[in-house]
Every structure is written in structure tokens, then in C-alpha cells.
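# prediction below, plus the sequence it came from.
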Amino acid sequence: MLSSEFIQLKDEFGHQRLREKKYTPGQIDQQWTDEIKKDLLQWLDTKKDLPMTRQELDEYMKQRTW
């Protein structure tokens, strides 16, 4: 369940950044750089409606291999 919620957030972030033209589709569709991962973390800090607690998200992200 947490995995699908994370993927949904990651997709939302990716689509938003594509609309803003901050990243290209090629950048979003391949292995993310440390810069994009850092941007995602900053973006998550602004989200008021996370589908999980921030603690659950942080624990999940420690296990991610991206």
C-alpha cells in the first residue's frame, strides 16, 4: 500500500515538473539524479495532504533504490 502511495506522489511530482518545464521527459523517465531526488523531498515538504505520515514516508524512502 505504501509503495503505491509513494508512486502516486512521485508521478504527481513528475507531471507537475514537466508542466513547469523544469525537467524534460527524458530526465523524469530515467534514473533520477540527486538533484531531482532533492527537489522531490523539498516538494514533499510543501504537501499538506500526504496519504501517509511523514515518518512512514521517510522510513519507506530509506529502503527505496529509486
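Yes, it's here.
# from Q42, how far out is E20?
Distance of E20 to Q42, computed by Cβ to Cβ, to the nearest Å: 14 Å. Using the backbone N, CA and C atoms, a C-beta is placed for each residue, glycine as well.
# sorry, wrong one. I was asking about T53.
18 Å.
# over to R17?
R17 is 12 Å from Q42, where distance means Cβ to Cβ.
# please apply the same query to L2.
L2 is 21 Å from Q42, where distance means Cβ to Cβ.
# compare those two (neighbour count), which wins?
Taking other Cβ atoms under 10 Å, L2 and Q42 do not tie; L2 has more neighbours (13 against 9).
# now that one: closest residue in space that isn't a chain neighbour?
Counting by Cβ to Cβ, 6 or more residues apart in numbering, L2 lies nearest to Y60, which is 5.1 Å off, once chain neighbours are set aside.
# for that neighbour, give me its contacts.
2-3, 6, 52 (Cβ atoms under 8 Å, 6 or more residues apart in numbering).
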